[in-house]
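sequence isn't available, so here's the structure alone:
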Ligand code: KIV
Ligand code: ZN
């Protein structure tokens with residue numbers, strides 16, 4: 001079996017998804033879960049892109065223990081220096097340098113000749129190699145690059161010290177047959193192909209990103225880049241969970257394996273979905289809500305007789321659990337802690353009291369406490385621990401002419417509570433106007449989405465929203481979970497407001 005390294009770019013290319021914006025704490029939280037999931041290399045960000053990106057790459061470099069940590073850099077010394085500064089404390093740092101090699105990119109975007117591009121690769125890869133033992137080079141838009149020039153660019157990078165070559169299908173243009181041929185062509189024309197790590201990086205514009213990545217593996221790639229849930233620029237990247245499962249389920253065919261801990265997949269996917277505000281479509285492969293649901297009578301009958309008839313993946317393989325729990329309002333502390341630990345959470349002694357109280361409150365309101373409820377409870381607990389502003393109370397009243405009034409109390413990190421009120425044309429607007437007054441801010445709500453975490457009328461609501469700071473144009477996510485949709489909406493807005501405030505400090 002050949003070993004395939006998994007390179008996760010959820011925090012870099014994934015964050016290029018329109019409307020997705022992780023803060024540093026969220027990035028560290030995701031990075032730690034990616035480590036548990038078994039990712040080999042994490043692309044933590046693009047250090048020169050912004051102060052926030054630099055800070056996050058640095059924080060991840062310090063926080064992770066086993067994964068290689070990489071940062072993106074254009075083929076420029078100032079980018080490489082910035083990446084070095086951000087990554088120098090990582091246990092195993094790597095740099096990822098890229099430069100476009102397709103005629104269209106060189107002519108219109110870079111305004112550089114082929115000779116200039118080759119010179120820049122040689123110069124900057126060598127510069128990067130002086131600072132890093134692991135240097136990855138990506139000829140951007142490789143799949144639309146003239147094949148012989150692609151070989152020249154790749155060979156130049158290798159001669160200058162690149163240890164990893166990534167072949168990006170930047171615009172999602174290729175197909176499995178063609179992408180496989182590119183890897184074979186490189187294998188035939190690069191003398192040291194087997195000494196170098198060759199990697200795939202695919203976008204999903206034509207819906208072929210996973211198939212293309214697998215074709216690369218069949219033809220010599222030993223590393224695959226992608227993002228959790230397939231998030232990323234435009235239609236997104238290769239969904240890493242799909243590649244991991246394809247390799248596992250079809251190991252007879254691919255003869256390759258990854259280090260991914262499959263039963264951590266659902267938890268990883270849920271975390272990224274929640275923090276990115278990008279819901280997973282119900283019919284999404286591997287982690288969609290319908291992926292293990294059998295609707296037709298013939299299928300149901302088959303599965304009851306033998307699950308193998310229609311089920312190639314068991315839900316437990318990827319950590320999708322049976323959604324009913326014998327936990328209810330009479331359950332004791334011990335049963336609760338045991339279940340929470342079974343779900344993979346570690347509670348410190350001092351956290352047990354507070355989370356158990358939350359569970360009791362939940363069990364008082366719900367007939368059946370599901371696994372999803374418990375994940376949401378733990379997510380709310382982690383979120384609130386990290387927050388500096390807490391929603392203390394919320395009251396609404398009808399004013400007149402269809403207007404609503406809100407009275408909101410917010411407690412800050414000094415334990416001081418501020419209360420204010422405002423009106424709006426609806427309840428949400430009244431709440432948000434009030435929070436704006438308390439936080440002394442003017443921000444724009446650019447996206448608001450609500451969904452029920454579980455089925456049934458007693459389901460908890462999860463609100464995802466995006467706000468924009470009109471002064472800088474920066475966008476911030478907020479997530480709030482509560483039984484009450486207005487309360488969840490207020491929590492989400494407050495979380496986003498806190499990020500705006502800390503960014504503008
Ligand atoms: O899609 C792409 O070309 C990229 C590069 C920076 C590798 O994301
Ligand atoms: Zn990309």
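Done, it's in. Everything quoted here is computed from the prediction, not taken from an experiment. Ligands and ions are numbered 1, 2, ... in the order given.

contact residues of the protein facing ligand 1?
Residues of the chain lying near ligand 1 by Cβ under 6 Å from any ligand atom: 13, 72, 98, 138, 140, 166, 168, 170, 201, 203. All C-beta atoms are positioned from the backbone trio N, CA, C, and that covers glycine.

most neighbours of all those residues, which one?
With neighbours defined as other Cβ atoms under 10 Å, the most crowded of the residues of the chain next to ligand 1 is residue 201; it has 30 neighbours.

hang on, the earlier thing: got JSON lines for the residues of the chain next to ligand 1, with pLDDT and secondary structure too?
Output for the residues of the chain next to ligand 1, formatted as JSON lines (pLDDT from 0 to 100; DSSP: H, G, I helix; E, B strand; the rest coil):
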{"residue": "13", "pLDDT": "97", "secondary structure": "coil"}
{"residue": "72", "pLDDT": "98", "secondary structure": "strand"}
{"residue": "98", "pLDDT": "98", "secondary structure": "strand"}
{"residue": "138", "pLDDT": "98", "secondary structure": "strand"}
{"residue": "140", "pLDDT": "98", "secondary structure": "strand"}
{"residue": "166", "pLDDT": "98", "secondary structure": "strand"}
{"residue": "168", "pLDDT": "98", "secondary structure": "strand"}
{"residue": "170", "pLDDT": "98", "secondary structure": "coil"}
{"residue": "201", "pLDDT": "98", "secondary structure": "strand"}
{"residue": "203", "pLDDT": "98", "secondary structure": "strand"}
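
so which bits of the lowest-mean-pLDDT helix or strand in the chain are buried?
The least trusted helix or strand in the chain, going by mean pLDDT, DSSP states H and E, turns out to be helix 371-386, with a mean of 79. Neighbour-count burial for helix 371-386 flags 371, 372, 373, 374, 375, 376, 377, 378, 379, 380, 381, 383 (criterion: 16 or more other Cβ atoms under 10 Å).

which of the residues of the chain next to ligand 1 lies closest to residue 351?
Among the residues of the chain next to ligand 1, residue 13 lies closest to residue 351 (Cβ to Cβ), at 34.2 Å.

next one: that closest one from residue 200, what distance?
According to Cβ to Cβ, to the nearest Å, residue 13 and residue 200 sit 13 Å apart.

quickly list what's touching both of these two.
residue 225 (Cβ atoms under 8 Å, 6 or more residues apart in numbering).

what lines up beside whichever helix or strand comes after the least confident helix or strand of the chain in the sheet?
Next helix or strand after helix 371-386 toward the C-terminus (DSSP states H and E): strand 390-398. Strand pairing for strand 390-398, using DSSP bridges, gives strand 404-411 (antiparallel).

identify, from the buried residues of helix 371-386, the entry nearest to residue 79.
residue 383 (33.3 Å).

wait, that closest one touches residue 477, no?
No: between residue 383 and residue 477 there is no contact under Cβ atoms under 8 Å: 11.6 Å.

hey, what's in contact with both of the two?
Contact with both residue 383 and residue 477 is made by residues residue 495, according to Cβ under 8 Å, 6+ apart.

which strand residues bridge the closest residue to ligand 1 within the stretch 301-450 of the chain?
Residue nearest to ligand 1 within the stretch 301-450 of the chain: residue 447 (23.9 Å; Cβ to the nearest ligand atom). Counting by DSSP bridges, residue 447 forms beta bridges with residue 466.

what sits against it?
So residue 447 contacts 19, 277, 464, 465, 466 (Cβ under 8 Å, 6+ apart).

go again using 7 Å as the cut-off
Counting by Cβ atoms under 7 Å, 6 or more residues apart in numbering, residue 447 touches 19, 465, 466.

and if you look at residue 155?
Residue 155 neighbours (Cβ under 7 Å, 6+ apart): residue 190.

from ligand 1, how far out is it?
Residue 155 sits at a distance of 19 Å from ligand 1 (criterion: Cβ to the nearest ligand atom, to the nearest Å).

tell me which helix or strand that residue sits in.
Using DSSP H and E, the element containing residue 155 is helix 147-159.

let me see the mean pLDDT of that helix.
Throughout helix 147-159, pLDDT has a mean value of 98.

one more: stretch 218-236?
Averaging pLDDT along stretch 218-236 yields 97.

next, count neighbours for residue 139.
27.

same check, this time on residue 71
Residues lying near residue 71 (other Cβ under 10 Å) number 34.

with residue 185 instead?
15.

ditto for residue 16
Neighbourhood size, residue 16 [other Cβ under 10 Å]: 16.

for it, which non-adjacent residue is closest in space?
Distances taken as Cβ to Cβ, 6 or more residues apart in numbering place residue 233 nearest to residue 16, at 4.3 Å, with adjacent residues excluded.

again with residue 110
Distances taken as Cβ to Cβ, 6+ apart place residue 100 nearest to residue 110, at 5.9 Å, with adjacent residues excluded.

could you measure from the one you found over to residue 106?
Distance, residue 100 to residue 106, using Cβ to Cβ: 6 Å.

so what pLDDT did residue 345 get?
In this prediction, residue 345 carries a pLDDT score of 80.

which SS state does it fall under?
Recorded secondary structure, residue 345: coil (DSSP: H, G, I helix; E, B strand; the rest coil).

let me see the contact set for it.
Shown in contact with residue 345 (Cβ under 7 Å, 6+ apart): residue 378.

again with residue 307
residue 314.

confidence score at it?
87.

just the one 4 residues further on next, same as before
Residue 311 is assigned 89 on the pLDDT scale.

distance of it from residue 347?
Here residue 311 is placed at a distance of 34 Å from residue 347 (Cβ to Cβ).

host element of residue 69?
Going by DSSP H and E, residue 69 is part of strand 68-74.

so residue 170 sits right up against residue 138, yeah?
No: applying Cβ atoms under 7 Å as the test, residue 170 and residue 138 come out as separate, 8.8 Å apart.

would you indicate which residues of the helix or strand containing residue 437 are buried?
Here residue 437, judged by DSSP H and E, is contained in helix 427-439. Buried residues in helix 427-439, counting neighbours by 16+ other Cβ under 10 Å, are found at 427, 428, 429, 430, 431, 432, 433, 434, 435, 436, 438, 439.

same for that helix, what does it pack against?
Under the contact criterion of 3 or more Cβ pairs under 7 Å, 6 or more residues apart in numbering; DSSP states H and E, helix 427-439 touches strand 390-398, strand 404-411, strand 417-424, helix 485-504.
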